[in-house]
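Undergrad: pasting the sequence and the predicted model now:
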Amino acid sequence: MIQKNYRTIFFGTPDFSVPILEALADLEFINLIGVVTQPDKPVGRKQELTPSPVKMWAEKHNLPVWQPKSLRTQHVLDQSKSFTPDLCVVVAYGKIIPANLLDIPQHGWLNVHASLLPKYRGASPIQAAILNGEKTTGVTLMKIDAGLDTGPVIDQQTIMLDQAENFESLHDKLGQLGADIIKKSLLPYLDGKLPLQPQDNKLATLTTVISKEDGRIEWKKSANDIYRQIRAYTPWPGAYCFWKQTRKESVEQRLKILSAKPSNSTHPLAPGHIALQDSHLTVGCGGHGLILTRIQLEGKKPLPVDEFIKGYPEFIQAVLS
RNA sequence: CGCCGGGUAGAGCAGUGGCAGCUCGCGGGGCUCAUAAUCCCGAGGUCGGGGGUUCGAAUCCCCCCCCGGCAA
């Protein structure tokens, strides 16, 4: 039996990349020669330099790790050639691969993207699927070209979104699905058995990098929109608003809404105004209200609302902004 | 030295020098066909740790530990 052996470099950074890296490492025809990831970044209150999840996994498995600040240098180009890779696999690496590197591996560069391309190209496909109330989403295995998530599709797998799907649950499912698609389709691709399907650019949509302000809740929006916003943006950047406690006049504190659900009650409430409806703590939105279930005040622990109210009884008549 | 808030009963919070409190939970009892409802009684604290000031410190001063929000 001829043992196939593809020299492969993996590019990836966050948690999402890890199950796919793991799947790749398990394939006996893949010879992982190293991992490229973003440089360690200062993180947390202490600003400690923290390695990416991909780096931690790679070090645990004694794989070489490279962390170039930029891929657009002569040094990276020379080094990439000297490694003589047959294949490069990219999963949420965090930077665009420069065109001058694309031709180095004979089998090209593959990417696992967390959406059904051409829908939701770009930085935040998982959040976008939740935010737009999609019934289904999935992962795409594609060949990288010079554009951003524009290359031809090799294979896709679809998944149904849960009614209450949130970022974390979908993130985990898609990571697993990404691992599956690598196990299933990589070898057929390398054997030339899978046709490449060009994307229909007319159907393409682009998602952008998420910023803190995207988490700001506007109570004028519908409860459903806010509900999606909470699910898409928790834990980061989090869905938040502000509350001025009566006991601390003029101090506006940030209040994160960690979990909530739209109310059935048709009784109207002014946007941002809280009231008890059918023994549920409900905030007025445009249209139906939103029932709060888990919240966190700045400087405090995350709490179920009934616990929260024990310490802040005035909250049942609060006004959020 | 990045900025700010916090640590008090099992949980959440009040309490700025003079008896350690509130809501909920927990235990026992009453009422009830019954109850997560209601009433009565009760247990439960090294006030994060150490040092200092004081007749007296949860409270003021110094040092340390831990948690969170912002920022990155």
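TA: All right, it came through fine. Numbering: from 1, shown residues only, chains lettered A, B, ... in the order given.
Undergrad: please give the number of neighbouring residues around the residue in the stretch 201-321 of chain A that RNA strand B sits nearest to.
TA: The stretch 201-321 of chain A approaches RNA strand B most closely through A:G311 (2.3 Å), counting by C-beta to the nearest atom of the strand. Every residue, glycine included, has its C-beta placed from N, CA and C. If you count neighbours by other C-beta atoms under 10 Å, A:G311 ends up with 10.
Undergrad: list phi and psi for it.
TA: Torsion angles at A:G311 (phi, psi; degrees, to the nearest 10) stand at phi -90, psi -20.
Undergrad: and the pLDDT for it?
TA: Here the pLDDT value assigned to A:G311 is 92.
Undergrad: export stretch A:274-287 to PDB, keeping only CA atoms.
TA: Presented in PDB, the C-alpha positions along stretch A:274-287 are these (Å, rounded to 0.1, in the frame of the first residue of the first chain):
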ATOM      1  CA  ILE A 274     -39.500  47.500  33.500                       C
ATOM      2  CA  ALA A 275     -42.600  45.900  35.100                       C
ATOM      3  CA  LEU A 276     -43.800  42.600  36.400                       C
ATOM      4  CA  GLN A 277     -46.100  40.900  34.000                       C
ATOM      5  CA  ASP A 278     -47.500  37.500  34.800                       C
ATOM      6  CA  SER A 279     -44.700  37.300  37.500                       C
ATOM      7  CA  HIS A 280     -42.100  37.800  34.800                       C
ATOM      8  CA  LEU A 281     -39.800  40.700  34.900                       C
ATOM      9  CA  THR A 282     -40.400  42.400  31.500                       C
ATOM     10  CA  VAL A 283     -38.800  45.300  29.700                       C
ATOM     11  CA  GLY A 284     -40.800  47.300  27.200                       C
ATOM     12  CA  CYS A 285     -39.500  47.200  23.600                       C
ATOM     13  CA  GLY A 286     -41.100  48.300  20.400                       C
ATOM     14  CA  GLY A 287     -44.100  46.000  20.300                       C
END
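Undergrad: chain center to it: distance?
TA: Averaging C-alpha coordinates over stretch A:274-287 and over its chain gives two centres that are 30 Å apart (C-alpha atoms, centre = their mean, to the nearest Å).
Undergrad: please apply the same query to stretch A:137-149.
TA: 15 Å.
Undergrad: next one: stretch A:135-150
TA: In terms of C-alpha atoms, centre = their mean, the centre of stretch A:135-150 is set 14 Å apart from its chain centre.
Undergrad: ditto for stretch A:148-157
TA: Relative to its parent chain, stretch A:148-157 has a centroid offset of 18 Å by C-alpha atoms, centre = their mean.
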